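Asker: The sequence and its predicted three-dimensional model are supplied below.
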Amino acid sequence: MHFEFEHMGTSTPFELPEGVHLLGGAAEDHVQLEGLPPGLLTLRIESHRLMVEATHAFTVGGVGVAPGVPRLVLPGEVVGLSEEMRLKVKAPDGDAERQVGTVAVLKHLLMDLEEPPPSRAATLQCLIGADVGRTFALAEASTELGRGKDVAVRLRDLAVSRHHARIRHHEGAFLLEDLDSPNGLFLNGKPVKAPAPLQEGDVIELGRTLLRFQAPMGTPEPEAPPETPPTPAETPAPAETAPTNETPAAPSGQDMPERPRVRWEGWLIGLGAALALVGLLATYALTP
């Protein structure tokens with residue numbers, strides 16, 4: 001891969017093979033450039049892809065990158081090391097190398113982008129590409145991404161295959177898989193060789209398109225209904241009360257004594273009293 005280091009108007013070209021290289025101003029650095037701190041940049045070159053990580057803050061195309069955060073750098077982009085130092089990744093001769101249209105692939109580098117509104121369905125937001133600004137809902141159990149007319153997420157990107165990738169949703173988890181696309185599929189800058197789980201803010205790269213995954217908004221749990229007091233099986237017996245002088249009322253359903261029966265009892269009592277009085281008088285008269 002070809003590079004060009006610019007410092008105070010002076011350009012220094014150099015070339016690096018695939019592998020991991022340290023770039024800085026120390027003697028032990030693989031690429032020693034005057035005026036740089038020791039071990040400033042770590043360059044990882046794999047399959048014509050360049051990932052850059054620095055010990056100090058730097059910029060790529062004017063976008064700030066925090067220290068220790070890997071950044072995908074494309075041919076033609078400029079890495080700003082300071083106000084006077086720049087590192088340019090030169091485009092290869094011809095157009096044989098696949099060009100990936102993206103500015104950043106890691107979610108940590110998308111802090112300045114406006115967050116999409118929360119959705120009850122998972123979504124893909126197009127950040128870079130012909131469909132930039134569009135949002136695609138992932139409402140089905142299986143969603144295919146590609147350029148074909150029969151896919152759910154159709155991208156107007158000639159570098160994208162007709163059936164490029166698939167996102168499967170099962171038991172709350174989302175899995176991303178490559179459908180053997182010629183140009184490959186990348187998740188957060190890493191190639192997807194096997195189904196990979198998706199997390200909130202993950203970046204999917206296919207062709208010259210960059211998509212950001214947004215997990216579905218959690219469904220609030222329904223409120224529990226208010227507890228109702230249990231219905232007693234039997235009505236409790238009334239509490240006992242102290243006895244009173246009042247005559248208790250006759251229970252319902254019982255017949256009251258009839259008035260004629262009361263009068264006959266009175267006559268019998270009176271007759272008995274009269275006979276007793278007569279007996280006493282007779283006894284007294286016969287006594288000498």
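Answerer: That came in fine, so what should we check first?
Asker: quick one, helices of the chain?
Answerer: Counting by DSSP state H, one finds helices in the chain at the ranges 259-286.
Asker: Quick one: mean pLDDT over stretch 21-38.
Answerer: Average pLDDT, stretch 21-38: 85.
Asker: Pull the residues that contact that stretch.
Answerer: Residues outside stretch 21-38 that contact it (C-beta atoms under 8 Å, 6 or more residues apart in numbering) are 5, 7, 12, 14, 16, 39-43, 45, 55-56, 81, 85, 87. (C-beta placed from N, C-alpha, C; glycine too.)
Asker: So how do I select the buried members of these in ChimeraX?
Answerer: A single ChimeraX command selects the buried members of these (16 or more other C-beta atoms under 10 Å):
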select :5,7,16,39,40,41,42,43,45,81,85,87
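Asker: Take the contacts of stretch 21-38 and keep only those in strands.
Answerer: If you go by DSSP state E, those have 5, 7, 12, 14, 41-43, 45, 85, 87 in strands.
Asker: Taking these together, which two end up most distant?
Answerer: Farthest-apart pair in the ones in strands among the contacts of stretch 21-38 is H7 and I45; separation 22.1 Å (C-beta to C-beta).
Asker: Spatially nearest residue to A66, not counting backbone neighbours?
Answerer: Residue nearest to A66 in three dimensions, not counting chain neighbours: A57, with 6.2 Å by C-beta to C-beta, 6 or more residues apart in numbering.
Asker: same thing with A137?
Answerer: Closest to A137 by C-beta to C-beta, 6+ apart is A121, at 4.8 Å.
Asker: Report the contact partners of the one you found.
Answerer: A121 neighbours (C-beta under 8 Å, 6+ apart): 137-139, 216.
Asker: which one of the ones in strands among the contacts of stretch 21-38 sits closest to F186?
Answerer: Distances from F186 to these, taken as C-beta to C-beta, are shortest for I45 (15.3 Å).
Asker: For the closest one, give me its contacts.
Answerer: With C-beta under 8 Å, 6+ apart, I45 has these contacts: 1, 16-21.
Asker: 7 Å - rerun?
Answerer: By C-beta atoms under 7 Å, 6 or more residues apart in numbering, the contact list for I45 reads 1, 16, 18-19.
Asker: Now render these as JSON lines, adding distance to V192.
Answerer: Supplementary listing: the contacts of I45 in JSON lines, determined by distance: C-beta to C-beta, whole Å:
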{"residue": "M1", "distance to V192": "23"}
{"residue": "L16", "distance to V192": "26"}
{"residue": "E18", "distance to V192": "20"}
{"residue": "G19", "distance to V192": "22"}
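Asker: So which of those residues wins on neighbours?
Answerer: Highest neighbour count within these, by other C-beta atoms under 10 Å: M1, with 19 neighbours.
Asker: H169 touches A152, doesn't it?
Answerer: No: counting by C-beta atoms under 7 Å, H169 stays clear of A152, with 11.9 Å between them.
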